[in-house]
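need coordinates for the below:
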Amino acid sequence: MVKDLLHVGIGVKDLEKSVWFYTEVMGMEEEYRTHNKGEKISQIVGVENADIDVCVVKKNRVRIELLDYKNDDAKKHDGHTRQDEPGLIHLAFLVDDVDKEYERIRAFGFEFNAPPMVARENGPKITYFKGPDNVVMEIYQKTS
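Residues are numbered from 1 along each chain as shown. Below you'll find the model as predicted:
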């Protein structure tokens, strides 16, 4: 029986840029770093000659594992999934003031799809933007 969700893994092109984004922009904290290489890890992840720098960032009980594969062909694909395709679509972050966070994150140079808005009656106030590696981020404020 599954006990809990441990973390979400995200493949990144530039580990330091991603760590900066998740800690400085999104307010998470770095939990630990590790490096994985060798036959066993290659078998586990299903990637020949896997060579991976890893950093786990956290906020409360949520953990994101950032994986920077050093393999030559690992950075060829951007891995972006459209919002209307199956698979992991976005990460949502709960905030107290979505308008304030929208302005703060825009100051870092990130572009949003639209300003924060309530899309349905009694719904949350939300907005979306792309973070590093085309990972879509949702900023979410409860309205009631």
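
in which helix or strand would I find residue 19?
helix 15-20 (DSSP states H and E).

if I look at the closest residue in space to residue 119 that isn't next to it in sequence, how far off is residue 120?
Sequence neighbours aside, residue 126 is the residue nearest to residue 119 in space, at 6.9 Å (criterion: Cβ to Cβ, 6 or more residues apart in numbering). For the C-beta atoms, the positions are set from N, CA and C on the backbone; glycine is no exception. Per Cβ to Cβ, to the nearest Å, residue 126 is found 10 Å from residue 120.

more neighbours, these two?
residue 126 (18 against 6; other Cβ atoms under 10 Å).

and for whichever strand or helix holds that one, what's in contact with it?
Element membership of residue 126 [criterion: DSSP H and E] is strand 125-130. Strand 125-130 has contacts (Cβ atoms under 8 Å, 6 or more residues apart in numbering) with 90, 98-99, 102, 105, 110-119, 136-141, 143.

hmm, who's touching the helix holding residue 19?
Identification of contacts with helix 15-20 by Cβ under 8 Å, 6+ apart yields 10, 12, 30, 53, 55, 57, 66, 68, 132-133.
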